[in-house]
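In: coordinates for the following, if possible.
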Amino acid sequence: MKISVIIPVYNCEDKIKRCVDSILAQGIKELEIILVNDGSIDNSAEICNQIMKNEPRVKVIHQKNAGISEARNAGMKKAVGKYITFVDADDYLTENPIYEKAINILEKENVEVVTWLWQYEQQGKYVVSKKKISNIPYGKISGKSFLDILYKGNYANGMVVGVWNKLYKRELVENEYFKYRYNEDDDWSICVLSKVSWVYSLNEFGYIYTENVNSVTHQKFSGKEYNMLDILRDREVLIKEDDFLRIETLKLYCNLYIEYYYKAVQYGVPLYDDKKTYNQFRKNKRINLKSRIRFDIFSFSPYIYKKFIWRGK
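Out: Coordinates of the predicted model:
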């Protein structure tokens, strides 16, 4: 089997077939599509079974609702492909034969991951312009350089930390499972990509990410977002040898710590109480002076910070 495509499914009855059809249209015969129905309460389970009945390259796993991470893990454990990738059930691929191109690169170039551009579909329109993502070096680059680009300026790029616009060699990911229910891509991607020697970036759009008003990013602050701070704390340890990425991680932790503080107050959510880590991170001398002063002001008085600096909603 050449490639395994893992698709977590939760209440996507009206999108699943479009997603699967776009993958089959890639024209790859040595392909398996693993649909993991994560306890859907609509007709998703029946639709998955019907697709499997009509297409022998489709496999279906049914499980109790456990979240996207456990759904992907279940798919990874069943996958037998030489290469592995992920697609979300409400998204779909472009007509560009991106998988074939990625496979050819993995087989000819000394790289472990191939990545490509993604397009954001919002209210029926594509909103990503290449002008906004011109900072990406395409072609073969080192894993370290790719990580620095990927996380530079809090993800201001066109490759993103998402797992769905990348094709991975199986041996790179087969024992690397998703751990978090939220922000799972952030954690998994850094764990996988920190092991990579070489990445190849394609200057082509291959994935359509669709707007989902029911997604976590569209919901009001509830405190579940705090796990991103846990992820960043783990990341700081993982990438200690990469000075640039470590500083970016420290800054992002402090910025999110401040943002989550005011959102917690706004929505009456218990505060994330880890002043020890915040103070440790904000005092790092490698962080530029302007940022350190700003972080110091918040530490001294959240009231003063909100009155004179905070620009959040």
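In: okay, CA-based contacts and neighbour counts for the rest of this
Out: Will do.
In: shouldn't residue 4 be within a strand?
Out: Yes: under DSSP: H, G, I helix; E, B strand; the rest coil, residue 4 falls within a strand.
In: that one: what's it in contact with?
Out: Residues in contact with residue 4 (Cα atoms under 8 Å, 6 or more residues apart in numbering) are 31, 32, 33, 34, 79, 80, 81, 82, 83, 84, 85.
In: so where's the stretch 1-150 of the chain shaky on pLDDT?
Out: For the stretch 1-150 of the chain, residues meeting the criterion pLDDT under 70 lie at 129-135.
In: okay, now the domains of this structure?
Out: 3-216, 220-308 (automatic domain parsing).
In: which of the ones you listed sits most buried?
Out: Highest mean neighbour count among the domains of the chain (mean count of other Cα atoms under 10 Å): domain 3-216, with a mean of 18.
In: downstream of the host helix or strand of residue 298, the next helix or strand is which one?
Out: Following DSSP states H and E, one finds residue 298 within helix 289-300. As assigned by DSSP H and E, the chain's next helix or strand after helix 289-300 is helix 302-308.
In: what's that next one packed up against?
Out: For helix 302-308, the packing partners by 3 or more Cα pairs under 8 Å, 6 or more residues apart in numbering; DSSP states H and E come out as helix 289-300.
In: got the CA coordinates for the helix it packs on in PDB?
Out: Only the C-alpha atoms of helix 289-300 are listed here, as PDB (Å, rounded to 0.1, in the frame of the first residue of the first chain):
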ATOM      1  CA  LEU A 289      13.700  44.400  25.700                       C
ATOM      2  CA  LYS A 290      10.400  45.800  24.500                       C
ATOM      3  CA  SER A 291       8.600  42.500  25.000                       C
ATOM      4  CA  ARG A 292      10.200  42.000  28.400                       C
ATOM      5  CA  ILE A 293       9.100  45.400  29.600                       C
ATOM      6  CA  ARG A 294       5.600  44.600  28.400                       C
ATOM      7  CA  PHE A 295       5.600  41.200  30.200                       C
ATOM      8  CA  ASP A 296       7.000  42.800  33.300                       C
ATOM      9  CA  ILE A 297       4.200  45.400  33.400                       C
ATOM     10  CA  PHE A 298       1.600  42.600  33.300                       C
ATOM     11  CA  SER A 299       3.400  40.800  36.100                       C
ATOM     12  CA  PHE A 300       3.400  43.900  38.200                       C
END
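In: let me know the average pLDDT across that helix.
Out: For helix 289-300, mean pLDDT rounds to 96.
In: quick one: contacts of it?
Out: Contacts of helix 289-300 (Cα under 8 Å, 6+ apart): 251, 254, 258, 279, 282, 283, 304, 305.
In: in TSV: these, plus pLDDT and distance to residue 14.
Out: Below are those laid out as TSV (pLDDT from 0 to 100; distance: Cα to Cα, whole Å):
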residue	pLDDT	distance to residue 14
251	94	41
254	96	40
258	96	39
279	95	48
282	95	47
283	95	50
304	95	49
305	95	46
